[in-house]
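Q: Got a predicted structure plus its sequence, pasted below:
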Amino acid sequence: MNMIVFEDFKLGRFGRFGPRRVTREEILAFAAEFDPQPMHLDEHAASRSMLKGLSGSGWHLCSVIMRMMFDGFIGRTASLGSPGVNELRWLAPLRPDDEIMLDVDVAETRVSRSRPTTGIVMFKAVASNAAGEALCEMLSPIIVQRRDQVATEQPR
Amino acid sequence: MRFFEDIAVGQRRELGSFTFTAEGIKKFAAQFDPQRFHLDEEEGRRSLFGGLAASGWHIGSACMKLLVTDGQRLAREAAARGEPVATWDPHQVFAICAGPGRYWRATRSILQPRWYRCGPRRAVQDGGSLRAAMPG
């Protein structure tokens, strides 16, 4: 299997992924478990909220973005995980039956100082709805193995 | 900690705890973040995490749950005392602490409240941070 390694990530545009549809049922189920606020659970209460209608939790949208990135490339990448998220913006509400598209750029690549067999790839991801409106924007690093490391240490 | 004026820089508040079970970690991961170290103990041991680790998005979502539950508890208590209840919009950015662990406590710290520019009746906390930590 040809894994994507650190050296494969070049600065600039990386790819566009999706669409991924998010249903009302998914929005309600996620909200009930992790973010039980009225604007994520109840149409009537949501219509009176700042978001003016039922909307998915921002954490739900982030989780969907994560899955889209996994399906799009992280599942085929020699990823060792992520130290966190540098920036995260929820720009517009996620609505039931939105078809999410994800645009991913490589914003920065560098060899790790503390672990030179790995590199840090900084991704900028923007999730948009079918109308092209940006819903969420994040800047997040991922730790990726370097090519030599994969060749010598990944026989499994 | 209810209305904007009740919120001051430096305030800290413990929000409660959330238990991460191996089953819960795998269930979230299977749906949203199926990287091997979030799905399998042995893969987790061989990874940088040194064991099965929850997705960072799972941790963030669990912190959100603690935050919402705490807010609802405060609102109920205020209502029981006959006080007006503030509504709040949590569209704020929190620092996310990732890493393995089964039991986390979350603390919310206020770094900078400010008036909301677009609507003077509302206010936001800029750069409020939410810290999840394993006790002990």
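A: Sure thing, it's come through.
Q: I'd like to know how far residue B:7 sits from residue B:13.
A: 10 Å (CB to CB, to the nearest Å). The way it works is simple: take the backbone N, C-alpha and C, and place the C-beta from them, glycine included.
Q: now check the lengthiest helix in chain B, is it near chain A?
A: When chain B is scanned for its longest helix (criterion: DSSP state H), the result is helix B:56-80. Yes. Using CB under 8 Å from any CB of the partner chain as the criterion, contacts between helix B:56-80 and chain A involve B:56-57, B:60-62, B:64-65, B:68-69, B:72.
Q: who does that helix touch, helix- and strand-wise?
A: Where contact means 3 or more CB pairs under 8 Å, 6 or more residues apart in numbering or on different chains; DSSP states H and E, helix B:56-80 is packed against helix A:24-34, helix A:58-72, strand B:12-19, helix B:22-32, strand B:103-109, strand B:129-133.
Q: Compare the ones you listed and report which one is nearest to residue A:147.
A: Of all these, it is helix A:58-72 that lies closest to residue A:147, at 20.8 Å by CB to CB.
Q: Buried ones in that closest one, by neighbour count?
A: A:58-70, A:72 (16 or more other CB atoms under 10 Å in any protein chain shown).
Q: TSV for those, including distance to chain B and pLDDT?
A: Converted to TSV, these look like this (distance: CB to the nearest CB, whole Å; pLDDT from 0 to 100):
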residue	distance to chain B	pLDDT
A:58	7	96
A:59	4	97
A:60	8	98
A:61	10	98
A:62	5	98
A:63	4	98
A:64	7	98
A:65	9	98
A:66	5	98
A:67	5	98
A:68	10	98
A:69	9	98
A:70	6	98
A:72	13	97
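Q: Pick the one among these closest to residue B:45.
A: Using CB to CB, the buried residues of helix A:58-72 come closest to residue B:45 at residue A:70, 21.0 Å.
Q: how near is that closest one to residue B:22?
A: Between residue A:70 and residue B:22 the computed distance is 20 Å (CB to CB).
Q: again, but for residue A:83
A: Applying CB to CB, the value for residue A:83 to residue B:22 is 23 Å.
Q: With residue B:5 instead?
A: Distance check for residue B:5 against residue B:22: by CB to CB, it reads 44 Å.
Q: mind listing what's buried in the longest strand that chain A contains?
A: The longest strand of chain A (DSSP state E) is strand A:98-111. By neighbour count with 16+ other CB under 10 Å, strand A:98-111 contains the buried residues A:98, A:100-107, A:109.
Q: ditto for stretch B:58-66
A: Across stretch B:58-66, burial judged by 16+ other CB under 10 Å covers B:58-66.
Q: Spell out which parts of chain A neighbour chain B.
A: Applying CB under 8 Å from any CB, we find that chain A lies next to chain B at A:30, A:33-37, A:49-50, A:57-60, A:62-64, A:66-67, A:70, A:74-75, A:79-85, A:87-90, A:143.
Q: re earlier: from the buried residues of helix A:58-72, which is closest to residue A:116?
A: residue A:69 (25.2 Å).
Q: thought that closest one was touching residue A:103?
A: No. Using CB atoms under 8 Å, residue A:69 is not in contact with residue A:103, being 11.2 Å away.
Q: quick one: common contacting residues for the two?
A: Common neighbours of residue A:69 and residue A:103, using CB atoms under 8 Å, 6 or more residues apart in numbering or on different chains, are residue A:125.
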